[in-house]
Each structure stands twice: as structure tokens, then as C-alpha cells.
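Novice: Kindly return the folded structure for what I paste below:
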Amino acid sequence: MISYDEFKKVEIRAGKILSAEKIPDTDKLLKLSVDFNETAEMTSPEGVVTQVSKPRTIVSGIALYFTDPQVLVGKTCMFVTNLEPRTIRGHESNGMIFAISGSDGAFSLLEPQTLIPLGSLAG
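Specialist: Numbering: from 1, shown residues only. Have a look, this model is predicted:
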């Protein structure tokens with residue numbers, strides 16, 4: 001078991017899936033591009049600094065539940081966002097999607113019931 005103080009360290013944020021694709025030569029893995037409303041600064045050759053959207057890559061073992069990964073595109077789901085990056089089959093993953101599966105084969109993603117801003121922190 002973990003203590004409540006340990007659990008409080010977990011960042012759970014809402015993110016919108018921008019793209020989803022199977023990772024070749026695997027049965028279970030999908031590579032997701034997820035928008036958490038995070039930005040990065042880019043500097044043009046002329047020295048102009050602008051803010052650009054910076055989606056994260058999340059690798060997840062949920063491909064068996066989605067014969068067409070495109071059904072995930074546009075969904076807002078909940079993700080753990082403060083895990084150390086992990087390389088899985090050559091792809092760096094920067095988070096984990098919340099999902100649950102039952103022994104009867106039932107499967108569900110954790111999706112907010114109302115519209116909430118991307119990047120919102122569960123609390």
C-alpha cells in the first residue's frame with residue numbers, strides 16, 4: 001500500500017488525444033499524441049520568440065481494445081503526467097493513460113463527464 005502523502009505526488013491531468021497509431025511489430029502498443037495545453041518557446045531565425053503547442057507522446061498497451069485507433073482521436077481522457085519518461089520499443093513515453101479492464105474483457109478509459117480545460121489537474 002502507498003500512503004496518502006505518496007498518492008498526493010501523482011499528477012492526474014486531462015488531455016486530448018490528437019493522434020493514435022499502432023506501433024509496428026507489436027500487438028498491444030499504441031503511440032498517442034496528447035494535448036495538455038502545454039507550450040514551448042520557439043525562436044525564428046530572425047530572433048522572434050513565439051509560444052507553440054507542445055503535445056506529449058504517450059505509449060500505451062491498449063491496442064487490443066481498439067481495432068481502429070482513430071476512434072481515440074478527439075477524446076479527452078485522464079493521464080498521469082509526472083512519471084519519469086520511459087522508452088518503450090524505441091518510443092519515449094511521457095505519461096500514462098488511465099484505463100481499466102475487467103476479467104470479463106470489459107474495458108474503459110477514464111474520461112471526464114463534462115468539458116474541462118486541457119491540462120486541468122485532478123484534485
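Novice: looking at this protein, which residue ends up farthest from its center?
Specialist: residue 46 (33.9 Å; C-alpha atoms, centre = their mean).
Novice: so where does that one fall, helix or strand?
Specialist: Counting by DSSP states H and E, no helix or strand carries residue 46.
Novice: And it, how close does it get to residue 54?
Specialist: 21 Å (C-beta to C-beta, to the nearest Å). Backbone N, C-alpha and C define where each C-beta goes, glycine included.
Novice: Which neighbouring residues are in contact with residue 75, exactly?
Specialist: 16, 17, 109, 111 (C-beta atoms under 8 Å, 6 or more residues apart in numbering).
Novice: Filter those residues down to the buried ones, PyMOL style.
Specialist: The buried residues among the contacts of residue 75 can be selected in PyMOL (16 or more other C-beta atoms under 10 Å) with this line:
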select buried, resi 16+17+109
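Novice: ok, the nearest residue in space to residue 64 that is not next to it in sequence - how many residues close by?
Specialist: Nearest residue to residue 64, sequence neighbours excluded (C-beta to C-beta, 6 or more residues apart in numbering): residue 28, at 5.7 Å. For residue 28, the count of nearby residues is 12 (other C-beta atoms under 10 Å).
Novice: so who does residue 28 touch?
Specialist: Counted by C-beta under 8 Å, 6+ apart, residue 28 has contacts 61, 62, 63, 64.
Novice: Now pLDDT and distance to residue 104 too, for these, in CSV please.
Specialist: As requested, the contacts of residue 28 are exported to CSV (pLDDT from 0 to 100; distance: C-beta to C-beta, whole Å):
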residue, pLDDT, distance to residue 104
61, 95, 19
62, 96, 17
63, 96, 19
64, 93, 15
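Novice: what stretches of this structure score poorly on pLDDT?
Specialist: For the chain, applying pLDDT under 70 flags no range at all.
Novice: Grab the longest strand from it for me.
Specialist: Using DSSP state E to define each element, the chain has its longest strand at strand 12-22.
Novice: which helices and strands sit right next to that strand?
Specialist: strand 30-35, strand 76-80 (3 or more C-beta pairs under 8 Å, 6 or more residues apart in numbering; DSSP states H and E).
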